[in-house]
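A.B. asks: Kindly generate the corresponding structure for this input.
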Amino acid sequence: MSTEVNSLENQSEPSKVSHQQKVDINILLNRVRHEKKRERKENLLFLGLIGSVIVVTGIIASL
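C.D. replies: Model (predicted):
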């Protein structure tokens, strides 16, 4: 029990913000949309590369 009290006393208080900052939801939504668009492009590129490897392998195997 005494160790719990000592550990609680040693914890520092969270820093307090002197002024409140406003968060614009549109900025956050645009960031999420941009990330999703980038992920979609990466997925299409990955699928294209996989498809190309399969096609090239098929061509080589048929020769």
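A.B. asks: Which other helices and strands does the one helix or strand residue 52 maps to contact?
C.D. replies: For residue 52, the host element (DSSP states H and E) is helix 25-62. Packing partners of helix 25-62 (3 or more Cβ pairs under 8 Å, 6 or more residues apart in numbering; DSSP states H and E): none among the helices and strands. For every residue, glycine as well, the C-beta is placed using N, CA and C.
A.B. asks: what about that helix, average pLDDT?
C.D. replies: Average pLDDT, helix 25-62: 97.
A.B. asks: Reduced to three states, what does residue 22 come out as?
C.D. replies: coil (DSSP: H, G, I helix; E, B strand; the rest coil).
A.B. asks: Could you pull up the residues touching residue 34?
C.D. replies: By Cβ atoms under 8 Å, 6 or more residues apart in numbering, no residues touch residue 34.
A.B. asks: What are the buried residues along the helix holding residue 52?
C.D. replies: By 16 or more other Cβ atoms under 10 Å, helix 25-62 has no buried positions at all.
A.B. asks: from now on call the first residue 433
C.D. replies: I'll keep to 433 as the first residue from here, and by that count the last item is helix 457-494.
A.B. asks: Report the separation between residue 475 and residue 481.
C.D. replies: Residue 475 is 11 Å from residue 481, where distance means Cβ to Cβ, to the nearest Å.
A.B. asks: do the same with residue 464
C.D. replies: Distance, residue 464 to residue 481, using Cβ to Cβ: 26 Å.
A.B. asks: Then residue 466?
C.D. replies: Counting by Cβ to Cβ - residue 466 and residue 481 are separated by 23 Å.
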